[in-house]
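Trainee: only geometry, no sequence info:
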Ligand SMILES: Cc1cc2nc3c(=O)[nH]c(=O)nc-3n(C[C@H](O)[C@H](O)[C@H](O)COP(=O)(O)OP(=O)(O)OC[C@H]3O[C@@H](n4cnc5c(N)ncnc54)[C@H](O)[C@@H]3O)c2cc1C
């Protein structure tokens, strides 16, 4: 940290030290006074969200984080085997992915490394919660950071919401959150097991939703079920007995979990959502705070890193007296959301055999509109 900085005055204050906030801090901190406020002292030990697509490597390289990332023991993704459009398993070899194979992350290590990198570049990380955000007469943002019962006043030229799906800062500033079809993710972490060497990603559609499972670098395994947040049976699957009984009725998932069980089923909201406005005068949102994807897209971490990197360029422009960069940022974020919606509708239209079940009926597009959706994607270069 630059010791010449007046205490509590920053160029940029970022709320949230997840991948998006840290990517932004890494890109900006070398030349700017950057504060990152995070409510959790340590990145959590077990966290779902472990598949990183190969397309993330060029972003990590732009952030100067690729070499450290490649030495960190995250495991290259194996093939994906899915029973989606039909009950017949389909293999997709990750080696054929033009962007590279991608990784299964040790997510806690990944998040912790990003925090360390941001601090090493000169960002100041504070543990606490931001409150009472208001714009002063000199057009800087004034806010309190409350930590261990003490509140301290800070100011910043630009504030960034990198706080994930809750997007608390943006909502304090008047933005609203728009949710697509709400999804709940119920998941378990299985302990490492000597016999489990299976590196495949397994994805399987079921009448009530879909499952996936991957082996993590520690040798443990994530097993996750995605259902509609309004499904009348959602509470029933929180019971580990019911969860594993349902998992064992799905042949691909049953094949990778064997006889293993776990004592608790965790639940997280996982539907796609976005802010009505991802940016405004003197502020912007990055990562999930701006746009959060349904996990079927496996795009959240890529977008968190990419939008953090892009957000840093926008802020450098604002601080250099070019605030119009915000307009372009808002436009591009809107385009990301629209492309995602088309992709998601096409993906969820796949399992014809379940089309009358409420989960799929709510998410699919009619076959009459599919060609138009595909044409829109092709026109957008996807
Ligand atoms: C079930 C599920 C499975 C997923 N699987 C994948 C996957 O396989 N691959 C993938 O790429 N993505 C996946 N994702 C998405 C991915 O985890 C997110 O997109 C990614 O974590 C977004 O990063 P972020 O930095 O924007 O937000 P987050 O990772 O949510 O980080 C936000 C940070 O802000 C902090 N914070 C929040 N509010 C405040 C506040 N008021 N004050 C201070 N700090 C605050 C939080 O503590 C947190 O540290 C999944 C998501 C879910 C829900």
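Mentor: Received the coordinates, thanks. Just so you know, these numbers come straight off a predicted model, no measurement behind them.
Trainee: so does stretch 73-93 get close to the ligand?
Mentor: No: using Cβ under 6 Å from any ligand atom, no contact is recorded between stretch 73-93 and the ligand, whose separation bottoms out at 10.3 Å. The way it works is simple: take the backbone N, C-alpha and C, and place the C-beta from them, glycine included.
Trainee: Mind listing residues that contact that stretch?
Mentor: When contacts are defined by Cβ atoms under 8 Å, 6 or more residues apart in numbering, stretch 73-93 is touched by residues 51-52, 94, 101-106, 109-110, 198-205, 210, 215-217, 250-252, 350-353.
Trainee: Which among these count as buried?
Mentor: Buried residues within the contacts of stretch 73-93, counting neighbours by 16 or more other Cβ atoms under 10 Å: 51-52, 94, 101-106, 109-110, 198, 200-205, 210, 215-217, 250, 252, 350-351.
Trainee: Take those residues and keep only those in helices.
Mentor: 109, 110, 252 (DSSP state H).
Trainee: circling back: which among the contacts of stretch 73-93 are in contact with the ligand?
Mentor: Contacts with the ligand within the contacts of stretch 73-93, counted by Cβ under 6 Å from any ligand atom: 51, 52.
Trainee: ok, the residue positioned nearest the centre of the chain to residue 261 distance?
Mentor: The centroid of the chain falls nearest to residue 300 when counting by Cα atoms, centre = their mean (3.2 Å). Distance of residue 300 to residue 261, given as Cβ to Cβ, to the nearest Å: 28 Å.
Trainee: With residue 355 instead?
Mentor: Residue 355 is 33 Å from residue 261, by Cβ to Cβ.
Trainee: Could you do residue 115 as well?
Mentor: Computed as Cβ to Cβ, the residue 115 to residue 261 distance reads 33 Å.
Trainee: now swap in residue 53 and tell me
Mentor: For residue 53 relative to residue 261 (Cβ to Cβ), the value is 31 Å.
Trainee: okay, these two: which has more neighbours?
Mentor: Set residue 53 next to residue 261 and count neighbours by other Cβ atoms under 10 Å: residue 53 wins out with 19 against 14.
Trainee: Quick check: next helix or strand after the one helix or strand residue 304 maps to?
Mentor: Assessed by DSSP states H and E, residue 304 sits inside helix 300-319. Note on helix 300-319: by DSSP H and E, the next helix or strand toward the C-terminus is helix 325-348.
Trainee: Enumerate the positions of the helix or strand just after that next one that are buried.
Mentor: Where DSSP H and E defines the elements, the next helix or strand beyond helix 325-348 is helix 358-361. Across helix 358-361, burial judged by 16+ other Cβ under 10 Å covers 359, 360.
Trainee: neighbouring contacts of helix 358-361?
Mentor: 207, 208, 209, 227, 228, 231, 348, 351, 354, 355.
Trainee: For the third one, give me its contacts.
Mentor: With contacts defined as Cβ under 8 Å, 6+ apart, the neighbours of residue 209 are 183, 225, 226, 227, 228, 231, 359.
Trainee: what's the closest non-adjacent residue to it?
Mentor: Nearest residue to residue 209, sequence neighbours excluded (Cβ to Cβ, 6 or more residues apart in numbering): residue 227, at 3.9 Å.
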